[in-house]
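> Sequence plus the predicted model coming up.
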Amino acid sequence: LVLFDCHAYEQRSFQAAAAAHVHRLTYLPVRLSRETATLARGFQGVCCFVNDTLDRAVLEILANGGTQVVAMRCAGFNNVDLQAASALGLVVLRVPAYSPHAVAEHAVALLLCLNRKIHKAYARVREGNFSLNGLMGFDLHGKTVGVIGVGRIGHCFARIMAGFGCRVLAFDPHPDPRVADGVHYVSLEDLLSESDIISLHAPLTPDTRHLINRESLAKMRRGVVLINTSRGPLVDTQALIEALKQGQVAAAGLDVYEREAGIFFEDWSDTGLQDDTLARLLSMPQVLVTGHQAFLTETALQNIAEVTLLNLDAFERGAPLENAVTPASVLPPRI
Ligand code: NAI
């Protein structure tokens, strides 16, 4: 197995998990792309993460080089051309639920930090400034929280917010009858117009790309707080910046960004950012950006390594592949 875009923290968890499995692992720091795909020649398995490119051209290079299985070490698979993989006979596996709590808790952390201005207070008191000007927040208790995409992560987030005493509205084209008490399914329109806080937990699909755009932002309550720990392209960033400038959106907590590939997971502190849109977001005090770290807990990393290797065990044995993704995995909306 060759692991692309593999960082030291991931290597440690894979090394620890690998002791109980028979696979031989090679770690590469580079992302998978058309330029690097030939490095996988001769490897039966290729292991990728969220910002690797797995389009038709890359998958063809992998298949021609002898690769049989692509093991995604993440839940999302929007970066994989599943039609091409299927046509090339490549099996695609993923880790569907390594820790929904990790991501949901990070979404809550972004919300709490932004609301109570912890990021400002942290810097201020370290300089000996104990003034409270500009640090006003609001009680979460009693507020309406809209959750878009109520799967594993969205459900965790909804339960946490219900625990804060919030009214929780949910929108999902596949409503789950087992949803937690206090979580109410509504139409997307109602969710947008009634929520004080909106958190995105839907996968990136053609339906959800730019789900948050100029029109949907205009339908939201003035002063809404937007949290995105899902995928960057769910939000039209330019439209969000305009809404932030006008005060339509009071604050945004973003763990993901539309054009994060090639920027996130790397250190640009010496050279500075080339992406002016991201730089504009970072210049705004009411915006908190983290670099796709919502998954980054010890529990999640252990589960990712363990489930990835179990997926490969099953593949090697010819056992049923419960974590396989196929073109049918992208379900059409029901409502
Ligand atoms: P899941 O598959 O359990 O739930 C996704 C839910 O979204 C499903 O209930 C589905 O019906 C719903 N959905 C699909 N299309 C929708 C639409 N058009 N509008 C509203 N809802 C829609 O997935 P899970 O595990 O909860 O993960 C959600 C997403 O979170 C992943 O697809 C991934 O993009 C992102 N993620 C981000 C991480 C990070 O570190 N920031 C880590 C892990 C996942």
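Nice, thanks for sending it over. Residues are numbered from 1 along each chain as shown.

> Kindly report the residues of the stretch 201-335 of the chain close to the ligand.
Contact residues, the stretch 201-335 of the chain versus the ligand (Cβ under 6 Å from any ligand atom): 201-205, 207-208, 229-231, 255-256, 292, 294-295, 333. Just so you know, the C-beta spots here come from the backbone N, C-alpha and C atoms, and that holds for glycine as well.

> redo that, cut-off 8 Å
Within reach of the ligand by Cβ under 8 Å from any ligand atom, the stretch 201-335 of the chain has these residues: 201-205, 207-208, 211, 229-231, 255-256, 292-296, 331, 333.

> neighbours around the spatially closest residue to residue 121 that is not a sequence neighbour, how many?
Nearest non-adjacent residue to residue 121, counting by Cβ to Cβ, 6 or more residues apart in numbering: residue 135, 5.8 Å away. Neighbours of residue 135 under the rule other Cβ atoms under 10 Å: 12.

> which residues touch residue 135?
116, 117, 120, 121 (Cβ atoms under 8 Å, 6 or more residues apart in numbering).

> Also residue 280?
Neighbouring residues of residue 280 by Cβ under 8 Å, 6+ apart: residue 241.

> Just the element for it, please.
Per DSSP states H and E, residue 280 falls inside helix 276-282.

> Need the CA coordinates for that helix. CSV is fine.
Extracted in CSV, the C-alpha atoms of helix 276-282 (Å, rounded to 0.1, in the frame of the first residue of the first chain):
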residue,chain,number,x,y,z
ASP,A,276,-6.4,36.4,-2.4
THR,A,277,-9.9,35.1,-1.5
LEU,A,278,-8.6,33.1,1.4
ALA,A,279,-6.5,36.0,2.4
ARG,A,280,-9.6,38.3,2.4
LEU,A,281,-11.4,35.8,4.6
LEU,A,282,-8.5,35.6,7.0
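
> how distant is it from the center of its chain?
Here helix 276-282 is found 19 Å from its chain centre; the criterion is Cα atoms, centre = their mean, to the nearest Å.

> How about stretch 314-327?
On the basis of Cα atoms, centre = their mean, stretch 314-327 sits 23 Å off its chain's mean C-alpha point.

> buried set for it?
Neighbour-count burial for stretch 314-327, counted by 16 or more other Cβ atoms under 10 Å, picks out 314, 315, 323, 325.
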